[in-house]
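*Asks:* next come a sequence and a model predicted from it.
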Amino acid sequence: MNTLLLGRYYPGESILHRLDPRAKLVGGFYLIFLLLLATNWRAYVLLWIFTLTIMWLSGVKFSVYYRGVKPLIWLITFTVFLQVLFTAGGTIYVEWGIITISSYGLVNGVYIFCRFIMIVFVSTIVTLTTRPIDLTDAINYLLRPLNKLKVPVDEISLMLTIALRFVPTLLEETQKVMDAQRSRGTVFGKGSIVIQMKTLVPIFIPLFSSSLERAEQLANAMEVKGYQSGKKRTTFRKLSWKKKDTWCLFILVFITILLIILPS
Amino acid sequence: MEIQFEGVSADYQLGPIRRKSILDTVNLHIQKGSFTAVLGHAGAGKTSLIKAMNGLLIPHTGKVKIDGITIEEDTRQLICKKVGMVFQFPESQLFAETVEKDICFGPLNFGVALQEAKTIAKKVIQQVGLSENILGNSPFSLSGGQKRRVAIAGILAMEPEVLVLDEPGAGLDQNGKKELFTLLTDLNQHHHITIVMVTHDMNDVIDYADNVVIMENGKVVKHCNVRNTFSNLELLDKWSLDLPDVLSLQMKIEKEIGRKLSMKCFTVEELSEAIIAADII
């Protein structure tokens, strides 16, 4: 839990922090899309340079990004291994039963490794430089066309906002209940899987009960302050699209063109 | 059971939030059978101090010893049995289908047989002033005050030799508070349980505790008996601690009549005697 970085915001004043959240969100998704399309080493070099540049621009220390990748490193390594061991083609170095290590497999392994790492980096950049509240505002804005299809966009984004708001509270509460049960003699993380599951019951039930209670209090507080679902609401925070946001998207278009004209 | 802190420093970590030196070279010796109140501002390290007594917070330097046993990962289970911990709003730890099961949870974890645990449950539920009939109810159907007592009964069921409480009176009404402290005093005096409690209410300190530990920025700045602490008004002011009600009334009276009473008074009786002695009325 200590290394959990997803959805964490790092306060700062960098150019990335000051970009419009919509630009960052669209840009981030677009970059991941590009990463999934890249198939040759030139494209990967270009994308690495770009990703590292924006990481540098974000003004967040590299160690923070590293912490973001660390929990996923086993999953990534595992995928890369599968790729290396079971892809045939090109020069074959080792063949043993169903396992083949070939030049194709090795190259693909490297590509997939880069792809995963960069996807994590890019999504980390977006969340590190954007306040969660701005992010939900951006999601709300981008989903707005769905309003026409009778999708309750405002409610969805409110739910997102509330969920994000309660992550730290829930974390604190979990810690408290765990401490309490630990001092009543529960030992976590020991014994068979069944025993370990059983030790979670005394954690989850109090958490559920207090979450329900809190939800009711929150609902009451919102109603008292005049909230009604389905009503048109004005917003306190205004998103403002500036020239640099347009430029940001232009740069991405430029990268796309470069990727297309690069000889493969 | 005596509690000893030898040069204890610890950090606090919760998810991505990290605070360095929440405890900073703490040296402390709490006597067996004492009733100690821990005072200090929010964030002074009070809760961390009591967590360290229970093995929930293991210091990175220094040692915490309970009856000579150093708290480590290996000895934690042993210590948890001896040191019962009542958290702030302990009712939030209730989880079982019945009150009885919840109370038995602790003893069963420490290897007590089910039949014996049930006997203990009957004993402690009366100790906290509730009737045996409640044992079959769901803890979620109880009132706030009852929940608090059931939670405390769950700790007492472990038959601890030290009881550590984090603001036990918070959120209780006057009567509930009085009953709770009567129970604590009884445990302390007749069952010889050492009690350590964190509190913000100076009246509780005056009325029930015999020793005071004052904390500031992770350090223990004073550890002495209640009367000495509250007689030193400059120090109280320095640590911005509130005055107990009786003492602040005495201050007002002294200001009004323009002279000092013979002694610092902590109880209503003492104050009335001092007033009579001073011949004001």
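*Replies:* Received it, and whenever you're ready, just let me know what you need.
*Asks:* residue 204 is in what secondary structure piece?
*Replies:* Since you didn't name a chain, this refers to chain A. For residue A:204, the host element (DSSP states H and E) is helix A:193-224.
*Asks:* hmm, I had chain B in mind actually
*Replies:* Using DSSP H and E, residue B:204 maps to helix B:202-208.
*Asks:* can you give me the strands in chain B?
*Replies:* Here chain B has its strands, by DSSP state E, at B:3-14, B:17-30, B:35-40, B:61-66, B:69-70, B:83-86, B:162-166, B:194-198, B:211-216, B:219-225.
*Asks:* check chain A too.
*Replies:* For chain A, applying DSSP E gives strands covering A:92-96, A:99-102.
*Asks:* and residue A:175, how many residues sit next to it?
*Replies:* Neighbour count of residue A:175, defined by other C-beta atoms under 10 Å in any protein chain shown: 15. Every C-beta, even on glycine, is put in place using the N, C-alpha and C of the backbone.
*Asks:* ditto for residue B:57
*Replies:* 22.
*Asks:* that one touches residue B:10, doesn't it?
*Replies:* Yes. Contact status for residue B:57 versus residue B:10: in contact at 5.5 Å, counting by C-beta atoms under 8 Å.
*Asks:* list residues touching both of these two?
*Replies:* The contact sets of residue B:57 and residue B:10 overlap at B:23, B:48 (C-beta atoms under 8 Å, 6 or more residues apart in numbering or on different chains).
*Asks:* picking that back up, report whether the helix holding residue A:204 contacts chain B.
*Replies:* Yes. Using C-beta under 8 Å from any C-beta of the partner chain, we find that helix A:193-224 touches chain B at A:201-202, A:205-206, A:209-210.
*Asks:* give me the buried subset of these.
*Replies:* For the residues of helix A:193-224 next to chain B, a burial check counting by 16 or more other C-beta atoms under 10 Å in any protein chain shown picks out A:202, A:205-206, A:209-210.
*Asks:* farthest pair within those?
*Replies:* Using C-beta to C-beta, those reach their maximum pairwise distance at A:202 and A:210, which is 13.3 Å.
*Asks:* contact partners for residue B:153?
*Replies:* For residue B:153, the contact set (C-beta under 8 Å, 6+ apart) comprises B:103, B:121, B:124-125, B:127-128, B:130.
*Asks:* so what's the residue of the stretch 51-200 of chain B found nearest chain A up against?
*Replies:* As assessed by C-beta to the nearest C-beta, chain A sits closest to residue B:109 within the stretch 51-200 of chain B, at 3.0 Å. Residue B:109 makes contact with A:184-186, according to C-beta under 8 Å, 6+ apart.
*Asks:* confidence score at it?
*Replies:* Listed pLDDT for residue B:109 reads 90.
*Asks:* try the one 10 residues further on
*Replies:* Residue-level confidence at residue B:119 comes out at 94, pLDDT.
*Asks:* in CSV, list the buried ones among the residues of helix A:193-224 next to chain B along with distance to residue A:150.
*Replies:* Below are these laid out as CSV (distance: C-beta to C-beta, whole Å):
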residue, distance to residue A:150
A:202, 43
A:205, 37
A:206, 38
A:209, 35
A:210, 34
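*Asks:* out of the residues you listed, which one sits closest to residue A:33?
*Replies:* The closest of those, once distances to residue A:33 are taken by C-beta to C-beta, is residue A:210, at 40.7 Å.
*Asks:* next, count neighbours for the closest residue to that closest one other than its chain neighbours.
*Replies:* Nearest residue to residue A:210, sequence neighbours excluded (C-beta to C-beta, 6 or more residues apart in numbering or on different chains): residue B:92, at 5.7 Å. Applying other C-beta under 10 Å, we find 19 residues neighbouring residue B:92.
*Asks:* list the contacts for residue B:92?
*Replies:* For residue B:92, the contact set (C-beta under 8 Å, 6+ apart) comprises A:173, A:176-177, A:180, A:206, A:209-210.
*Asks:* measure the closest residue to chain B within chain A to residue B:89 for me?
*Replies:* Proximity to chain B, evaluated over chain A using C-beta to the nearest C-beta, is greatest for residue A:185 at 3.0 Å. Per C-beta to C-beta, to the nearest Å, residue A:185 is found 20 Å from residue B:89.
*Asks:* then residue B:40?
*Replies:* 19 Å.
*Asks:* the more surrounded of the two?
*Replies:* Legend: neighbour count by other C-beta under 10 Å for residue B:40 and residue B:89, higher for residue B:40 (23 against 19).
*Asks:* how far away is that one from residue B:19?
*Replies:* As for residue B:40, its distance to residue B:19 is 15 Å (criterion: C-beta to C-beta).
*Asks:* same deal with residue B:38?
*Replies:* Applying C-beta to C-beta to residue B:38 and residue B:19 gives a distance of 18 Å.
*Asks:* neighbour count: these two, which is higher?
*Replies:* Neighbours per residue (other C-beta under 10 Å) separate residue B:38 from residue B:19, with residue B:38 holding more: 28 against 14.
*Asks:* test my guess that residue B:58 contacts residue B:74.
*Replies:* No. Between residue B:58 and residue B:74 there is no contact, the gap being 10.9 Å when judged by C-beta under 8 Å.
*Asks:* can you tell me which residues contact the most centrally placed residue in chain B?
*Replies:* Centroid-nearest residue in chain B, with C-alpha atoms, centre = their mean: residue B:197, separated by 1.5 Å. Applying C-beta under 8 Å, 6+ apart to residue B:197 gives the contacts B:35-38, B:164-168, B:184, B:209.
*Asks:* just residue B:130 next, same as before
*Replies:* B:146, B:149-150, B:153.
*Asks:* ok, now residue B:101?
*Replies:* No contacts exist for residue B:101 under C-beta under 8 Å, 6+ apart.
*Asks:* what's the spacing between it and residue B:121?
*Replies:* The gap separating residue B:101 from residue B:121 is 9 Å, by C-beta to C-beta.
*Asks:* what does residue A:95 give?
*Replies:* Distance, residue A:95 to residue B:121, by C-beta to C-beta: 67 Å.
*Asks:* again, but for residue A:227
*Replies:* 45 Å.
*Asks:* could you do residue A:203 as well?
*Replies:* Residue A:203 sits 22 Å away from residue B:121, going by C-beta to C-beta.
*Asks:* between these two, which is the more surrounded one?
*Replies:* Set side by side, residue A:203 and residue B:121 give different neighbour counts by other C-beta under 10 Å, the larger being at residue B:121 (23 against 20).
*Asks:* ok, for residue B:24, nearest residue in space, not its chain neighbours?
*Replies:* Closest to residue B:24 by C-beta to C-beta, 6+ apart is residue B:218, at 3.9 Å.
*Asks:* what's the closest of the contacts of residue B:130 to residue A:105?
*Replies:* Using C-beta to C-beta, the contacts of residue B:130 come closest to residue A:105 at residue B:150, 61.8 Å.
*Asks:* does the closest one touch residue B:104 like I think?
*Replies:* No. At 11.9 Å, residue B:150 and residue B:104 do not qualify as touching, with contact defined as C-beta under 8 Å.
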